[in-house]
Each structure stands twice: as structure tokens, then as C-alpha cells.
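> Predicted coordinates and the sequence they were generated for:
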Amino acid sequence: MTIQPLKQANGENPLSAQASKQAALVAKHPCFSKEGHQYARIHLPVAPACNIQCNYCNRKFDCSNETRPGVVSKLLSPAAAVKRFVKVKKHVPETQVVGIAGPGDPLANPKATLASLKAIEKVDTDVHLCVSTNGLALADQLESLIEAGVRHLTITINCIDADIGQRIYPWVYFNQRRLRGREAAQTLIDRQLLGLEAAIKAGMLVKVNTVLIPGINDFHIESLAKELGRYGAFIHNIMPLISDPAHGTYFGLMGQREPTKQELNLAREQAGQSMLQMTHCQQCRADAVGKLGQDIDLAALENSEPAQVARSIQVAVASSSLSLIDQHFGHATQFSMYRVSADEITQLDDFSWQQYCQGSEQCDDSAVKDLSQLKHVDTILCSRIGHAPQQELSAMNVKANTDYALRDIRGALEDLQQQLAAQQANSRKSSCSMGECS
Ligand code: CLF
Ligand code: SF4
């Protein structure tokens, strides 16, 4: 047995030093401490892809691990995320925490997540960096997170029993393989516990979120909390399942019911015997901004300064018929290129391209290839695109648009032209200092 020295060379008690470090980490974080309610958080929506599937999520919505269903208004590139933070901090100086919580899993999007965190650290060394993950990739990414300055971590652990887990997770993508059934659930649980242990050992303050699902994991909460306490997690946040057929999730469509208030209270009471409980969670969006329960209107804030609107945009079209937008991004070997301005649409030289997806699997399953050759493009029109390339493109400010799938190229370009003209007109209006123009 190793005996802890009671005093360090500098005379400080290491245990009390650790406790005061922890207290400082807790005090200004509105989620880790109710007393931190005067502080605000900002979520940066830079992470669209996910490496697992939860039955309460259909990927069109924010990650239910941390958020209530509701699409993020806009995915951000790391550069745009920093800009948003700077603007928000100016309006809400109490913003003390910068979190990345989706809309997918931050660690399934390590490039964008780490780039955003590092960029934030450069502009503000005082804010706390916070990440919320399903834990699958945590052990692999832990060192990078610590290096980026993250000290607050949330892992969503819904169970530690694979028989339960296989009713929550239809698949897990791990080590280039899509796992299903019990194997998927066991792999996820093993990885979550491995990451939890390593993060605590590394000195991170770890919150565990659990989605309470009646009939599936409610009877298991007490033993789960005991195990979390044994590992040394700091706080446990039991969140009620949000299940609505309108959201299109598996649970929603299958009629899985949400827990009642009484069931939620009972679960918290049972878990409370082993773990400190968080009871003030707002199940916020992946682009939430402001104090908990007092989110600020991001759209109003973003519109408070006139946006820079381009005079023209470069559009790349994936088409095999050359008349319809009928090609998957991953299958394109060339793009038809256009310059679209408010006045004209000009066809440019075709752009040859090395096919992104070689296999029959979805694009998300390919390692992300270098897409930087497309950085001169503003918009890609294609029939479909996977999360991974979409996220990579978004990080370069390239918008992949599938709204016009199987529609006529000319019509889609004219639509973009109208949108551009409207943006330019709006921008002229909002930058006019003379008031309403008629
Ligand atoms: Fe965001 Fe999560 Fe960090 Fe908080 S939220 S990443 S720990 S800064 Fe907080 Fe929102 Fe509940 Fe999350 S209220 S959903 S627990
Ligand atoms: Fe959805 Fe989050 Fe689950 Fe991924 S981890 S499937 S984004 S709820």
C-alpha cells in the first residue's frame, strides 16, 4: 500500500491542495454546482458526427446526452465558433464555461473539437473548457483534451450491463468495425469505464449523465451510481428520456414512454445514496448560450451586427447526368463548377476530383480524407453526404447542401442566386444608419 505523504516539500498538504483545486473548478461552473448559477455557458456546435447510435437520437437532433431535441441552427467551423464566443462574451461577460456537446459526439469529431478548444484558449485563458461525450473515444483522446486545457468532462453512461445496453445502442463503430447487439454494448461500456477511470486519475472533474428510460435502465440506476461512486465520479446527472414520435427516434416511434416526475425523483433518491446528484439540468441544445434556464436569443445576437455577405459564391455540383443533382458526394469523380452572383450564373471549368468513398459502406465509415482541395468552394450541391466529410467541409466553411437532391441543376443555382441577392439586400438594409429604407 502506498502511503500519501501528509506534506509536500513546500509544506502544503497534498490532499487539501487537491480539494481546493477541485473547489475552484466547481465554483464557477453552472452545471457542476448550483451555486455557479450566476455564470453562463456557451456551447459551440462544431461536432456533427457520432460513433455510436442511441435509440433516443436520430442525428437530425442535438445529442440527447446533453441536449433537448431541436436542431442546431447552424454548425460552426472552429474559426466561426471562436468568433461567436468573442461576440457572446462581449454581450454576456458572465460566460465562464465553453462547452462542446454536439450536435453529435465531440470526440467523434476530434479535429474540429480540439481546434475549437485550442483557439478559445488563445483568446481567453480564464474560461473553463468543458466537453461532453459518450465515452467511446475518450481513452484515446484524453491526453489531447488535457493538453487543450479541458478540466470539466461529462460522460454519458446509461448502464454498466451489456444486456441493458443492447436495448439502448443498436450499434457502435469502433476500430473500423460496426458492432451490434451485446458486443456493441459491452465494448461501449468497457470503453466508458476505461475513460472514466483514466480521466479521474488525470485530475479531471467528471460528471456522469444518465438518460433514465423506464423499463430499460430504471431498475439499474442504484447499482450504476454505486459503481460511479466507486470510480470517483464527481456528480451524477440523471436526465429524463425525451421521447416523442415527432422527433423520429427509434424510441419515439416505438412508443417508449418518458419517465414520470415521481420515477425521476425515485431514481435520483436511489442514486443519491452513492453519488452527489445534479437536479438543475436544463437538457440544453448543442448551441445553447447564456445562464442555465435563461438562454439568450442567438439569432438576435448574430443579427445585431451586419453579416459580411459575399458578392458571389463558387458552387460545385455532383452530377452524373449533368442535368440533375443526382450524385452522392462520396461517389463524385468531378464537380461541375459555377460562379453565382446576384446578377449572373457563370459556368466554370469542371473540377476533377479523386473519389472520396471507395467502398460500399457509408462515407462516415471511411477515414476522413484530405478535403482541403475543395476549400475554394462555398457550396457543394449533392444528393447525399456522410457526417464525417460534411463536418470536415464545415470546418473549412464549405457548405454541403443536399436540399436539392434529384432536382434540376439550373433551378437549384437560380434558387441560390435568389438567396444571395436577398442576403445582399438585407445586409445593405441593416448597415444603413439612416433607419428604415422604403
Ligand atoms: Fe455544457 Fe454539459 Fe459542460 Fe454544462 S451543459 S457541456 S456540463 S457546459 Fe449542463 Fe446543459 Fe445539463 Fe449539460 S445544463 S445539458 S449538464
Ligand atoms: Fe446521438 Fe449523442 Fe447518442 Fe451520438 S451519443 S447517437 S449524438 S445521443
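Arrived safely, thanks for sending. Note that the structure is a prediction, hence the values are computed from the model and not measured. Residues are numbered from 1 along each chain as shown. Ligands and ions are numbered 1, 2, ... in the order given.
> what residue ranges in this protein score low on pLDDT?
For the chain, the stretches with pLDDT under 70 are 1-18, 59-73, 304-309, 359-369, 427-438.
> tell me, what residue is most central in it?
Nearest to the mean C-alpha position of the chain, by CA atoms, centre = their mean, lies Gly102 at 1.1 Å.
> Distance check, that residue against Leu253.
Computed as CB to CB, to the nearest Å, the Gly102 to Leu253 distance reads 21 Å. The way it works is simple: take the backbone N, C-alpha and C, and place the C-beta from them, glycine included.
> And Ile160, by the same measure?
For Ile160, the distance to Leu253 equals 27 Å [CB to CB].
> Pick out whichever of those two has more residues nearby.
Neighbours per residue, other CB atoms under 10 Å: of Ile160 and Leu253, the larger number sits with Ile160, 18 against 15.
> wait, what's in contact with that one?
Ile189, Leu193, His220, Ser223, Leu224, Glu227 (CB atoms under 8 Å, 6 or more residues apart in numbering).
> For Arg178, what are phi and psi?
Note on Arg178: its backbone torsions stand at phi -90, psi 110 [degrees, to the nearest 10].
> Nearest spatial neighbour of it, chain-adjacent residues omitted?
Spatially, and ignoring its direct neighbours in sequence, Arg178 is nearest to Trp171 (5.4 Å; CB to CB, 6 or more residues apart in numbering).
> Number of residues surrounding the one you found?
17.
> check contacts around the nearest residue to Ala267 once chain neighbours are set aside.
The spatial neighbour of Ala267 that comes closest, neighbours along the chain excluded (CB to CB, 6+ apart), is Ile221 at 4.6 Å. Contact partners of Ile221, counting by CB under 8 Å, 6+ apart, are Thr210, Leu212, Ile238, Ala267, Gln270, Ala271.
> how about Ile221, secondary structure?
helix (DSSP: H, G, I helix; E, B strand; the rest coil).
> Make residue 1 into 46 and carry on from there
Okay, using 46 as the starting number, the last item reads as Ile266.
> picking that back up, doesn't Ala94 make contact with the residue nearest to the centre of the chain?
No - applying CB atoms under 8 Å as the test, Gly147 and Ala94 come out as separate, 10.1 Å apart.
> Produce a PyMOL select command limited to the buried residues of the contacts of Ile205.
Selecting only the buried entries of the contacts of Ile205 in PyMOL, with 16 or more other CB atoms under 10 Å as the criterion:
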select buried, resi 234+238+265+269+272
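> from the contacts of Ile205, which is closest to ligand 2?
Using CB to the nearest ligand atom, Ile234 comes nearest to ligand 2 of those, at 13.7 Å.
> Quick one: classify the closest one as helix, strand or coil.
Three-state assignment for Ile234 (three-state DSSP): helix.
> For it, which residues are in contact?
Ile202, Cys204, Ile205, Asp206, Ala207, Gly210.
> how does it look with 6 Å?
By CB atoms under 6 Å, 6 or more residues apart in numbering, the residues touching Ile234 are Ile205, Gly210.
> now Thr140
Shown in contact with Thr140 (CB under 6 Å, 6+ apart): Ala85, Ile87, Val133, Lys134.
> Backbone torsions only: list them for Gln141.
Backbone torsions of Gln141, given as degrees, to the nearest 10, read phi -110, psi -10.
> now Ile87
Main-chain torsions, Ile87, degrees, to the nearest 10: phi -130, psi 130.
> What number of residues are in the vicinity of it?
Around Ile87 there are 25 residues (other CB under 10 Å).
> What values do phi and psi take at the one residue in the stretch 146-295 of the chain that gets nearest to ligand 2?
Across the stretch 146-295 of the chain, the shortest distance to ligand 2 (CB to the nearest ligand atom) belongs to Asn179, at 3.8 Å. Reported as degrees, to the nearest 10, the phi and psi values for Asn179 are phi -80, psi -10.
> hang on, it packs against Gln98?
No - with contact defined as CB atoms under 6 Å, Asn179 does not count as touching Gln98 (10.1 Å).
> out of the two, which sits in the more crowded spot?
Counted by other CB under 10 Å, Asn179 and Gln98 do not tie: Asn179 has more neighbours, with 30 against 19.
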